[in-house]
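S.K.: The sequence isn't on hand, but the structure is:
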């Protein structure tokens, strides 16, 4: 069992099974070829051909695009192509920090394969020389990965929030953390991957944060999303990463990166370079391309 | 002035200007097309055609290959295609941790574009809340980047050494560090890039290490490669990275990565994702490919 299998699992997608989703000259997402027919009832919103799906140019403003896509998203739920809406808007941009092109319900994001952004917090402390991580267990009623182990805090960046605001908000909701404490977290990198799903694609960026927590801190969930917390030695977390699928699929990436940054996965590891590049999008393929990792 | 320009500069290379250098079915390097003619006098060592340069199959063992390439390297120096040999052997492998295929003089490595591996040490301390980095200035008689600013310790991984042994050896030579002190450094990642040079290509992996140093430590160079050291605030190092070329070209990458891991370059930075992937080989192009960074 290896670390690399998680990076590979998060990048399992065949670019040739998807059509680029375009706005003007920019690719803003990926739509499954076999999902394209679900969009033919909306000729005023999408221009479809064999090579791409374009958002109609007549939708000239973010507000018009958001309204049109809200209507389409509801119809996709009725038609079964999207499981359900989440009532939470994500801002769709061409690039990170770029202007909002439109907003889209989180539940419809995989269908359109637009990029979504999230934050993950490694909450840790040092017991003697030993690194200990706070680990949460996801509630059994979560839509994604129920019952799986998770970071102390994690969440998607919704429309109107930036990365740090999301961190502060989620740290309060998920772990009962004060803003003063959560504000001491430091950003330490970003993971990128594209992963095929039955209904589309996860096209994700996860911003990672580290926070060394005081000994008198114990997390307390307030939103029902985490059923309980445990303080686990990093070594035990890494054993679970290597040998099991106990952690939520993408949390494995955050933990591997944490271990690499803290010296617990070293260059002596055979897959070290493949991990280093794979965590930063090195396994993402474009149509017609073969992957090439720094081996 | 930006951080990203340094990542771009370290990845400035046109894959179509190079021929793959092959051993059996494996690509082990890149040779400039306009350098290929320098190898025609050695038909028993190389098989050349329009698409690749192959090391002759009759060279069946690492010892035979090393001997043949030593002879060729000397001839390349006499012919002017290689500036000089360095008297230091690098082990050539197909992948990191792979078996040694042959050894090659460090001075001939760019000609053949084989991958070389090095270590860089970020030696730092915290003065109050302020991160301070030990910075060296390279001696004026260094072949590469004389007089430029450098990490506290850096060096290539020679044949017979692993990453950690190289770190310990270079820390003693370049900064007068005891093994006990240098051994506390922790590995924190690896940078990858390919960069065209007048005589070939740098095809580099740099393993990065962090070491928090005690207040009573002051570096002392013993090998004449560093003329002097200074303790500089991280913020001032980053200003120099952004605004000047005072640091050796690839040291900029190590410092940008250090800043990202320590929260001094944050997701709010416009180029954050391009930096994150670009440091891990995201700008490396294969022949016929266009670069695509996580923007």
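M.R.: Alright, I've got the coordinates. Everything numeric here is computed off the predicted structure, so don't read it as measured data. Numbers count the residues shown, from 1 in each chain, chains lettered A, B, ... in the order given.
S.K.: Would you mind measuring from residue A:87 to chain B?
M.R.: 25 Å (Cβ to the nearest Cβ, to the nearest Å). Where you see a C-beta, it was placed from the backbone N, CA and C, and this is true even at glycine.
S.K.: Could you confirm residue A:154 falls within a helix?
M.R.: No. Read with DSSP: H, G, I helix; E, B strand; the rest coil, residue A:154 is strand and lies in no helix.
S.K.: neighbours of the nearest residue to it once chain neighbours are set aside, just the number please.
M.R.: Leaving aside its sequence neighbours, residue A:154 sits nearest to residue A:120 (Cβ to Cβ, 6 or more residues apart in numbering or on different chains; 4.5 Å). The number of residues packed near residue A:120 is 26, by other Cβ atoms under 10 Å in any protein chain shown.
S.K.: My impression was that residue A:120 belongs to a strand - is that right?
M.R.: Yes. Assessed by three-state DSSP, residue A:120 belongs to a strand.
S.K.: OK, contacts around the spatially closest residue to residue A:149 that is not a sequence neighbour?
M.R.: Spatial nearest neighbour of residue A:149, chain neighbours left out: residue A:247 (4.5 Å); criterion: Cβ to Cβ, 6+ apart. Residue A:247 makes contacts with A:148, A:149, A:150, A:237, A:240, A:241, A:255, as judged by Cβ atoms under 8 Å, 6 or more residues apart in numbering or on different chains.
S.K.: Out of the residues you listed, name the ones that lie in helices.
M.R.: In helices, defined here by DSSP state H, the members of these are A:237, A:240, A:241, A:255.
S.K.: Looking at the residue of the stretch 51-200 of chain A found nearest chain B now. What's its pLDDT?
M.R.: As assessed by Cβ to the nearest Cβ, chain B sits closest to residue A:186 within the stretch 51-200 of chain A, at 2.9 Å. Looking at residue A:186, its pLDDT is 98.
S.K.: Tell me how many other residues crowd it.
M.R.: Neighbours of residue A:186 using other Cβ under 10 Å come to 15.
S.K.: shouldn't it be in contact with residue A:212?
M.R.: No. Contact between residue A:186 and residue A:212 fails when scored by Cβ atoms under 8 Å: they sit 9.3 Å apart.
S.K.: one step back: how about the closest residue to the residue of the stretch 51-200 of chain A closest to chain B other than its chain neighbours, what does it touch?
M.R.: Distances taken as Cβ to Cβ, 6+ apart place residue B:263 nearest to residue A:186, at 2.9 Å, with adjacent residues excluded. Shown in contact with residue B:263 (Cβ under 8 Å, 6+ apart): A:186, A:187, A:188.
S.K.: how much space between residue B:263 and residue B:194?
M.R.: According to Cβ to Cβ, to the nearest Å, residue B:263 stands 29 Å off from residue B:194.
S.K.: For residue A:86, grab phi and psi.
M.R.: Dihedral angles of residue A:86 (phi, psi; degrees, to the nearest 10) stand at phi -110, psi -10.
S.K.: now swap in residue A:200 and tell me
M.R.: Per-residue torsions, residue A:200: phi 160, psi -130 (degrees, to the nearest 10).
S.K.: from memory it sits against residue A:32, does it?
M.R.: Yes. Assessed by Cβ under 8 Å, residue A:200 is found in contact with residue A:32 at 5.8 Å.
S.K.: for chain A, what spans make up the helices?
M.R.: With DSSP H as the criterion, chain A has helices at A:4-10, A:62-79, A:109-112, A:163-175, A:179-182, A:234-243, A:251-261, A:272-278.
S.K.: Let me have those in JSON lines, adding distance to residue B:13 and mean neighbour count as columns.
M.R.: As requested, the helices of chain A are exported to JSON lines (distance: least, Cβ to Cβ, whole Å; neighbours: other Cβ atoms under 10 Å in any protein chain shown):
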{"stretch": "helix A:4-10", "distance to residue B:13": "26", "mean neighbour count": "19"}
{"stretch": "helix A:62-79", "distance to residue B:13": "39", "mean neighbour count": "17"}
{"stretch": "helix A:109-112", "distance to residue B:13": "36", "mean neighbour count": "25"}
{"stretch": "helix A:163-175", "distance to residue B:13": "33", "mean neighbour count": "21"}
{"stretch": "helix A:179-182", "distance to residue B:13": "43", "mean neighbour count": "14"}
{"stretch": "helix A:234-243", "distance to residue B:13": "35", "mean neighbour count": "17"}
{"stretch": "helix A:251-261", "distance to residue B:13": "26", "mean neighbour count": "25"}
{"stretch": "helix A:272-278", "distance to residue B:13": "17", "mean neighbour count": "26"}
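S.K.: could those helices go into a markdown table alongside mean pLDDT and distance to chain B?
M.R.: A markdown table is the format used below for the helices of chain A (pLDDT from 0 to 100; distance: least, Cβ to the nearest Cβ, whole Å):
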| stretch | mean pLDDT | distance to chain B |
| --- | --- | --- |
| helix A:4-10 | 97 | 12 |
| helix A:62-79 | 98 | 19 |
| helix A:109-112 | 98 | 17 |
| helix A:163-175 | 97 | 4 |
| helix A:179-182 | 98 | 13 |
| helix A:234-243 | 98 | 13 |
| helix A:251-261 | 98 | 5 |
| helix A:272-278 | 97 | 5 |
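S.K.: Pull the contacting residues for the residue nearest to residue A:154.
M.R.: Residue A:120 touches A:151, A:153, A:154, A:206, A:207, A:208, A:209, A:251, A:254, counting by Cβ under 8 Å, 6+ apart.
S.K.: Name the nearest of these relative to residue A:168.
M.R.: residue A:153 (9.7 Å; Cβ to Cβ).
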